[in-house]
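Asks: coordinates for the following, if possible.
(chains A and B)
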Amino acid sequence: GESVGLHLPTLSVQEGDNSIINCAYSNSASDYFIWYKQESGKGPQFIIDIRSNMDKRQGQRVTVLLNKTVKHLSLQIAATQPGDSAVYFCAEIKGGGTSYGKLTFGQGTILTVHP
Amino acid sequence: EPEVTQTPSHQVTQMGQEVILRCVPISNHLYFYWYRQILGQKVEFLVSFYNNEISEKSEIFDDQFSVERPDGSNFTLKIRSTKLEDSAMYFCASRSRGEQYFGPGTRLTVT
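Replies: The predicted structure is shown next:
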């Protein structure tokens, strides 16, 4: 099951390195998977999403990979910068009907980028 | 760039008091949401609202909670009788057809 509480996974990287943040999801019926970035004192900010019928999607400096076989989602950040330091959450969404739009968030990962 | 706004940024209240958290969603959005985040934990869905009615709510959203869109711009979350465990960050979000945009949150502290 999911672990929640004060002990979020952490990832520390040097500026310029590539970062990989992982997430396990539970609902195989989800239609979309989304990565959010949350900086201290702010609300979650959309980074990138991927439909359930895709396995890879690229954005600017970010790539999301989806492995439905093992229910695993990852976010790759290329050339990580100090401004990327934040908590990163994966979220899933099931479209259609009254559940459309409800986000189910996973456990966050704290990313710290050292200059 | 349009953004979701929330007021107040921090609300301190005594246990048993009523609080109203206010949100102004992005103007052309049709779907509205409230989420909460207890310190150090993940963001949790509370309620979604569309076409002037609740479309879905979580187990957390019990009879003490209510939402309202009193006019064309505001979206409010009311907690009738606050409990200590209601202390959290409360985020409003809105969307049109795509992604949800989150506000900066209201930190609710119940003493």
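
Asks: whichever residue of chain A sits closest to chain B sits in which helix or strand?
Replies: As assessed by Cβ to the nearest Cβ, chain B sits closest to A:Gly43 within chain A, at 3.4 Å. Just so you know, the C-beta spots here come from the backbone N, C-alpha and C atoms, and that holds for glycine as well. Element membership of A:Gly43, judged by DSSP states H and E, is empty: it is in no helix or strand.

Asks: what ranges do the strands span in chain A?
Replies: Under the criterion DSSP state E, chain A contains strands at A:10-14, A:19-24, A:32-38, A:45-51, A:56-58, A:62-67, A:72-77, A:86-93, A:103-105, A:109-114.

Asks: residues contacting B:Phe32?
Replies: B:23, B:25, B:48-50, B:67, B:69, B:75, B:92-94 (Cβ atoms under 8 Å, 6 or more residues apart in numbering or on different chains).

Asks: repeat for B:Asp63
Replies: B:Arg80.

Asks: distance check, it against A:Ala79.
Replies: Distance of B:Asp63 to A:Ala79, computed by Cβ to Cβ, to the nearest Å: 50 Å.

Asks: which residues does the residue in chain B positioned nearest to chain A form beta bridges with?
Replies: Taking Cβ to the nearest Cβ, chain A has its nearest neighbour within chain B at B:Phe102, 3.4 Å off. B:Phe102 has these beta-bridge partners by DSSP bridges: B:Ala93.

Asks: and it, what pLDDT?
Replies: pLDDT, B:Phe102: 96.

Asks: quick one: neighbours of it, just the number.
Replies: 24 (other Cβ atoms under 10 Å in any protein chain shown).

Asks: pretty sure it sits against A:Pro44.
Replies: Yes. Using Cβ atoms under 8 Å, B:Phe102 is in contact with A:Pro44, at 4.9 Å.

Asks: which one of the contacts of B:Phe32 sits in the busiest neighbourhood?
Replies: That'd be B:Cys92 among these, by other Cβ under 10 Å, with 29 neighbours.

Asks: measure that residue to A:Lys68 for me?
Replies: 32 Å.

Asks: how far is stretch B:66-76 from where the chain is centred?
Replies: 10 Å (Cα atoms, centre = their mean, to the nearest Å).

Asks: so for it, mean pLDDT?
Replies: Per-residue scores along stretch B:66-76 average to 92.

Asks: hey, what's A:Thr10 bridged with?
Replies: Applying DSSP bridges, one finds that A:Thr10 bridges with A:Ile110.

Asks: how about stretch A:66-76, does it get close to chain B?
Replies: No. Judged by Cβ under 8 Å from any Cβ of the partner chain, stretch A:66-76 stays clear of chain B, getting no closer than 14.5 Å.

Asks: quick one: residues in contact with that stretch.
Replies: Here stretch A:66-76 has contacts from A:18-26, A:28, A:33, A:35, A:47-48, A:50, A:52, A:54-56, A:62-65, A:88, A:90, using Cβ under 8 Å, 6+ apart.

Asks: for chain B, what lies in contact range of chain A?
Replies: So chain B meets chain A at B:4, B:31, B:33, B:35, B:39-45, B:48, B:50, B:55-56, B:91, B:93, B:95, B:99-105 (Cβ under 8 Å from any Cβ).

Asks: out of those, which are inside helices?
Replies: Applying DSSP state H to those, no entry is found in helices.
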